[in-house]
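K.L.:
build me a structure from this.
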Amino acid sequence: MAVVVIPSLMRDLTGGKAELRLPGATVGELIDALEAAYPGARARLCEGAALSPLLVVAVDGRRSRLGLAEPVGEGSEVRFLPAVSGG
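P.N.:
Below you'll find the model as predicted:
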């Protein structure tokens, strides 16, 4: 199972838990598992069928380019971070 680091603004959904171990082979499957355990999580992470444009996801310390389709390995660490833009 992958370790999902829960953003501080979502910890009200998880009873204050900062990390969860969840099953899934992709980021999307992890979000499905998170939603099943903690209803409302998907609404905070996704916009429609895609990751919210306000967020980026990092898998094992690398920013994902595939969004919800990003593969996740057994024991991977997944973080949802605010998107930063600018120039």
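K.L.:
setting the sequence-adjacent residues aside, check what's closest to residue 75.
P.N.:
residue 2 (6.9 Å; Cβ to Cβ, 6 or more residues apart in numbering). Heads up, the C-betas are built off the backbone N, CA and C, glycines and all.
K.L.:
the one you found touches residue 79, doesn't it?
P.N.:
No. If you go by Cβ atoms under 8 Å, residue 2 and residue 79 don't touch, sitting 10.8 Å apart.
K.L.:
where do the helices of the chain begin and end?
P.N.:
Along the chain, counting by DSSP state H, helices occupy 27-37, 41-45.
K.L.:
so for the longest one, what gets flagged as buried?
P.N.:
Okay, so that is helix 27-37. 27, 28, 29, 30, 31, 32, 33, 34, 35 (16 or more other Cβ atoms under 10 Å).
K.L.:
and of those, the nearest to residue 12?
P.N.:
Using Cβ to Cβ, residue 34 comes nearest to residue 12 of the buried residues of helix 27-37, at 13.8 Å.
K.L.:
ok, that closest one to residue 85 distance?
P.N.:
26 Å (Cβ to Cβ, to the nearest Å).
K.L.:
show me the shaky parts of the protein.
P.N.:
86-87 (pLDDT under 70).
K.L.:
try it again with 80
P.N.:
Counting by pLDDT under 80, the chain contains low-confidence residues at 85-87.
K.L.:
residues contacting the residue nearest to residue 75?
P.N.:
21, 22, 23, 24, 30, 72, 73, 74, 75, 76, 77, 78 (Cβ atoms under 8 Å, 6 or more residues apart in numbering).
K.L.:
got the phi and psi for the residue lying closest to residue 18 once chain neighbours are set aside?
P.N.:
Excluding the flanking residues, the one nearest residue 18 by Cβ to Cβ, 6+ apart is residue 6, at 5.7 Å. Main-chain dihedrals, residue 6, degrees, to the nearest 10: phi -90, psi 130.
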